[in-house]
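Novice: below: sequence and its predicted model.
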Amino acid sequence: MRPIHWTIAFALVAGTPAFAQDAEGLTVVFAEDSNSDTTFDPRVTQSRHEEQVITQMFDQLVVADSTAKIYPGLAKSWEVSDDQTSITFALRDDVTFHDGTPFNAEAVKFTLDSIKDPALGSQGAVDIMGPYASSEVLDEFTIKVTYERPFPAGLGTFTENELSPVSPTAVKEKGDNGFAQAPVGTGPFKFVSWEKGREVVLERNEDYNWAPEFMDNKGPSKVARIIHRYVPDASTRVAALEAGEVQITDLTPPLDMQRLSNSGDFKTVVAVASGVPFSAPLNTSKGPFADTKVRQAFMHSINRPALADSLFFGFADAAYGPISSATPEYFEGVEAYYPYDPDKAAALLDEAGWTMGSGGIREKDGAPLSIYFPALMEPESAVALQAEARKAGFDVTVENVLKQKQDELILNNEYDMLVLRWVLNDPAVMVIPYHSRNIPEPGTFKFNWSRYSNPELDKLLTDAAAATTPQAREQLYADAQKLIMEEALVLPIHDQIQSIAYSADLDGIRFAPGNWQVRLYDVRPAAD
Amino acid sequence: MSVTAAPAGEPRRRSRRLRTVRRFFRHPGATGAVVVLVLLVVGAIFAPLIAPYDFVATDMLARLKPPSAEHLFGTDLHGRDIFSRMLFGARYSLAVGFATVALALVVGASVGILIGYTGGRVDEWGSRFLDVLLGFPAIVMAILVVAVLGVGLVNVVIAVAISHMPRFARVVRGAVLVTKEQLYVESAQALGASRLRIMARHVFPNIVPTLIVLGTLDLGNAILGTATLSFLGLGAQPPTPEWGAMLNSGREYMRYAPWLMLFPGLALFITVMAVNLLGDRLAQVLDPRAKDRA
Amino acid sequence: MTYFLRRLITIVPVLFIAWTLVFLVLQVIPGDPVNLMLAGRPASEEVRANERKRLGLDRPVLERYVLFLANAAQGDLGESYRTRQPVGTMILEQAGPTLRLALGGLIVGVVVGIVLGILAGMRPNTWIDTTCMMLALAGVSLPSFWIGMLLIYVFGMTLGWAPIVGGGFAALILPSITVGLYIAGGFARLVRSSIIEALNQDYIRTARAKGLGPAKVVLKHALRNAMIPPVTLLGVQIAVLIGGAVVTENVFARPGLGTMLVQAVLSKDLPLVQALVVYTTAAYVIINVAIDMLYGLIDPRIAAGRGA
């Protein structure tokens, strides 16, 4: 065993902390819970992990702060046409890409047109762009974007990372695939290197002078260098943070958040992500959950606040509706639906004809109340749900499936419930899991996993997205949320939280809209 | 085994068997291994009687409790008693290990006999095929199979069995080639017996001792292989208290509740060690050459 | 040299079988590669159809198979479905961490294995022998994911001695031990039996009779000859090393070929899986040929007789 001791002694000498603030400035190591990033081309990506890197390197025409208020970004001002079919942007004239080429209307046109080109293979931007028709360069710094039909959400889409302008020169030089590996934007940080699955290195853009006004910092960032390190295992991320090998960890486990913030050496910040909370769509098309009463009984049988508390130790709250409390147009009325009530659950199940059988499992016509639950994420939540539902007489079979198996089950309608979550800062996210056109069919993967089809709900969702007054929009979205809850289409389980822990030596951690990605531009040494 | 009940007229064979048993136990490790395995089997069989708690019952008030008189090995995130879960888990680890080896043996022996006995092109390509499989890491092949079949304990058994099969097949093929040359097969052939009959009657019985030793030597690896897949989240499903799966779910809370990973891992280690000791000893006593081939 | 060439040519049918097998298995795995690639993101049907066409998935299976074989024969293994990078480049990028881990594991395994093997072999059937062999058996009985977790808990979390992330030499220590212990177990046993056998050879007995101490005899004479069977074992261990990398990379959250292979299988990234199989199979064959040649260096007597 002697060689082992020797090598560990060596480790002591070799291991030096990466955190350093020398003459060149601050180096920040960000540990991220993924290692499968494949592209940093904003036009192509649809991954929240890739966006964490992209958001440091790219700017958008307009910028939303963490409350979704829109500010000028690369565009100084804008004008939406009365019929909502076009937007004219007046661009800044003092911006350059990292490769030194100027940012102008041509660059914006190139970006948008290339997204539309199938050869690029855009996975996110092309859908976000909606009914984009064309762009017209009015002069060097003015551009008019036209849609095929009225698109009230148009301006908001330009806050998304996916529509960030890219350097046309760099794309032409490197090709689309080359650009995805070494992107060139206008953002506060420049791409330096990328070792797949291990780390991405970014360095400060010294010319940066066009930060959105809500940022504390102006000019180049105080951070000289970002090392974006992939550490998919949560406890490893935390250990690395404590060892000083990284300064910021994302998706930090609750127990660690508690301990780290108590220690005084670290600060923590938690945000509730916008979009669909961690929830379980119930399959309304077949099996026990085809009966509304059984779905309602199931909802009443789960003590969601206790469940959220036991899994997240107070860091995440129970979720109550189809969209999270952090999402615009969240309707608070959903919180009144389906409190934990075992008696009510029992009564509803009795009404529905499911009587308590031997062994504590309810039965109807000799068949047990069996629920097949393929769970792709959060196995511990599935275990807790299984145990809770069993008390009410549900026999829940949990299977921790792989993605491919889940997809097959979805396409072939072979499940009773699943788990779903979605980060998107727009209540229109409800179209994805609740509009009847999104019911999966064999060969066509879609996300209406409740398989619920109701023209009334479809109309509410469509009208809400196209609503032209804030009042109409609010009312329509509230009605949609009410309908979804009355029909018990989904068991909202808990808020999705982004839990960031970081060194107490730092200040200025800021969430991007949607409360998932972290913008590092404003980070600076803490003022003691 | 009752000595008096042994049929008369076989005193010589009986004494040889006794001597073998005595030789087996001469090694102190072997005795320990047998004791450990007996305890495990007894624990697994009588788990419902021994276990102090229901292994699926959750208790939020008692979660993540360290080992104490109340909870011998502590409790998990859902307040379930680790000791009770591990007792029931012993059933899975042992049964799954045996099932895997049995399946690998049957499939491997069949393939080995088939290609070895048929010979010619079949043997040539079959052997290459086995070479390909052997050059492929067992765990990766098992993951491929699970990807096809889906996750679950039964599929894990099939997956690990398939990944262990080529080794058995190759050894059996070799043994068949040797046996084939021997006179009595040739004479059986001359008498016009069918190939299947020859394989079943003459070839197979000759390689049984080798198979037993190989199987025992492989049991430890089979238990480890299936536990590894469960650890990777591809095997046992909740609330099944399989040890590998328990380790997987304890991983995130390692710092706050090290007992979640300590005890199931220790149990796995001790079991595999005992099985390996047993296999070694069996190999030395029964078939000293088999060990080198494994 | 002709022997070497002849051995190399045997790679061709092996690769053919391996490719066909992998191609077939990946067709049978459920799930649509495009959907798996999108990983549950809300892409429209238009996006999906476009991707399917880009990847050539709209063509019949047989056509894709023939096309793949034709391209592979020309050395073009294609682009990954998921990353759109040439798979060769991707593998080269990830080979580094895995090779370092494999090498680290091999060093730990060989050193620990030789030490245990020699100690046991020099004094067979004593308590030293029994202890060493029990330790060796423990090495092959330890669940590698468990020992990895224990090492992280003790040295990473509790004592804070070993770095946890990062790609430096120090971060390699714990993973190397994890991989190495299993190899050490098997290696120690072979070294032991080789040593015992070598010590019984006539010329060793002569050397001992001449008054050389046992340690000197082992180091000067026996070890050289005793190394042949263990070196063969190392050739077989390449599969074990890659398999070990899958688990170890998972436990230590390291990048590498193991992680890459599992991800590629689970996302049905056919070109990447096929390329990985090509490289591992080729490595397996080449390493075994190389080991054959190593015999010649260790023991010239064999080289003369080999060649058939």
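Specialist: Nice, thanks for sending it over.
Novice: spit out the contact partners of residue A:467.
Specialist: A:152, A:473, A:476 (CB atoms under 8 Å, 6 or more residues apart in numbering or on different chains). Using the backbone N, CA and C atoms, a C-beta is placed for each residue, glycine as well.
Novice: should've said residue A:484
Specialist: Contacts of residue A:484 by CB under 8 Å, 6+ apart are A:321, A:322, A:430, A:434, A:457, A:490.
Novice: how about whichever helix or strand it is part of: buried residues?
Specialist: In the assignment (DSSP states H and E), residue A:484 maps to helix A:470-486. Buried positions in helix A:470-486, judged by neighbour count with 16 or more other CB atoms under 10 Å in any protein chain shown: A:473-485.
Novice: likewise for stretch C:21-37?
Specialist: Buried, per 16+ other CB under 10 Å, within stretch C:21-37: C:21-23, C:25-26, C:29-37.
Novice: now, which of those residues lie within helices?
Specialist: Among the buried residues of stretch C:21-37, the members falling in helices (DSSP state H) are C:21, C:22, C:23, C:25, C:26, C:33, C:34, C:35, C:36, C:37.
Novice: and the residue of the stretch 151-300 of chain C closest to chain B?
Specialist: Closest to chain B within the stretch 151-300 of chain C is residue C:243: 3.3 Å, counting by CB to the nearest CB.
Novice: likewise the stretch 51-200 of chain A?
Specialist: Closest point on the stretch 51-200 of chain A to chain B, by CB to the nearest CB, is residue A:197, at 17.4 Å.
Novice: ok, for that residue, nearest residue in space, not its chain neighbours?
Specialist: residue C:255 (2.9 Å; CB to CB, 6 or more residues apart in numbering or on different chains).
Novice: the one you found and residue A:36 touch, don't they?
Specialist: No - Residue C:255 is not in contact with residue A:36 according to CB atoms under 8 Å; the separation is 9.9 Å.
Novice: more neighbours: which of those two?
Specialist: residue C:255 (23 against 19; other CB atoms under 10 Å in any protein chain shown).
Novice: quick one: check whichever helix or strand residue C:51 is part of for contact with chain A.
Specialist: Applying DSSP H and E as the criterion places residue C:51 in helix C:45-54. Yes - Helix C:45-54 lies within reach of chain A by CB under 8 Å from any CB of the partner chain, at C:45, C:46, C:47, C:48, C:50, C:51, C:53, C:54.
Novice: return every residue with contacts to both of residue C:255 and residue A:36.
Specialist: With CB under 8 Å, 6+ apart as the test, residue C:255 and residue A:36 both reach residue A:197.
Novice: give me the domain ranges for chain C.
Specialist: Per the record, chain C has its domains at C:2-87, C:93-307, by automatic domain parsing.
Novice: give me whichever of those domains is most buried.
Specialist: Mean neighbour count (mean count of other CB atoms under 10 Å in any protein chain shown) peaks for domain C:93-307 among the domains of chain C, with a mean of 20.
Novice: the residue of the stretch 51-200 of chain A closest to chain B: what secondary structure?
Specialist: coil (DSSP: H, G, I helix; E, B strand; the rest coil).
Novice: residue numbers of the stretch 201-350 of chain A in contact with chain C?
Specialist: So the stretch 201-350 of chain A meets chain C at A:229-233, A:235-236, A:239-240, A:242-243, A:245-246 (CB under 8 Å from any CB).
Novice: filter those down to the ones in helices?
Specialist: Cross-referencing these against helices under DSSP H gives A:235, A:236, A:239, A:240, A:242.
Novice: for the chain, give me the ranges with low pLDDT.
Specialist: If you meant another chain, say so; for now it's chain A. A:1-24, A:66, A:528 (pLDDT under 70).
Novice: actually it's chain B I care about, not the one you picked
Specialist: In chain B, residues with pLDDT under 70: B:1-14, B:16, B:182-193, B:195-196, B:199, B:287-294.
Novice: for it, which segments count as helices?
Specialist: Using DSSP H, helices in chain B cover B:11-26, B:28-45, B:47-50, B:82-118, B:120-135, B:138-149, B:153-181, B:183-190, B:195-198, B:204-231, B:243-250, B:259-286, B:290-293.
Novice: possible to save those helices as TSV with distance to chain C and mean neighbour count?
Specialist: Converted to TSV, the helices of chain B look like this (distance: least, CB to the nearest CB, whole Å; neighbours: other CB atoms under 10 Å in any protein chain shown):
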stretch	distance to chain C	mean neighbour count
helix B:11-26	11	12
helix B:28-45	6	16
helix B:47-50	22	13
helix B:82-118	11	22
helix B:120-135	4	17
helix B:138-149	4	24
helix B:153-181	9	22
helix B:183-190	28	12
helix B:195-198	25	13
helix B:204-231	5	23
helix B:243-250	6	26
helix B:259-286	3	22
helix B:290-293	9	16
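Novice: could you measure from residue B:243 over to residue B:236?
Specialist: 9 Å (CB to CB, to the nearest Å).
Novice: overlap of the contact sets of the two?
Specialist: In contact with both residue B:243 and residue B:236: B:92, B:230, using CB under 8 Å, 6+ apart.
Novice: what residues does chain A have near chain B?
Specialist: So far as CB under 8 Å from any CB goes, chain A lies against chain B at A:233-235, A:238-239, A:253, A:255-256, A:306, A:310-311, A:379-380, A:382-384, A:386-387, A:397-402, A:404-405.
Novice: what does chain B put close to chain A?
Specialist: Residues of chain B lying near chain A (CB under 8 Å from any CB): B:56-58, B:60, B:63, B:77-78, B:147, B:150-152, B:233-234, B:237-239, B:249, B:251-256.
Novice: buried among the residues you listed? Make that a PyMOL selection.
Specialist: Applying 16+ other CB under 10 Å to the residues of chain B next to chain A, the buried members can be selected in PyMOL as follows:
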select buried, chain B and resi 56+58+63+77+78+147+150+151+152+233+234+237+238+239+249+251+252+253+254+255+256
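Novice: say whether chain A is contacted by stretch C:174-186.
Specialist: Yes - counting by CB under 8 Å from any CB, chain A is contacted by stretch C:174-186 at residue C:177.
Novice: I misspoke; the intended subject was stretch C:150-161.
Specialist: Yes - Stretch C:150-161 reaches chain A (CB under 8 Å from any CB) through C:152, C:155, C:156, C:157, C:160, C:161.
Novice: and that stretch, how far out from the chain's middle?
Specialist: 26 Å (CA atoms, centre = their mean, to the nearest Å).
Novice: that one: end-to-end distance?
Specialist: End-to-end span of stretch C:150-161 (CA to CA, to the nearest Å): 14 Å.
Novice: separation between the residue in the stretch 201-350 of chain A that chain C sits nearest to and residue C:147?
Specialist: Minimum separation of the stretch 201-350 of chain A from chain C (CB to the nearest CB) falls at residue A:233, amounting to 4.0 Å. From residue A:233 across to residue C:147, the span is 16 Å (CB to CB).
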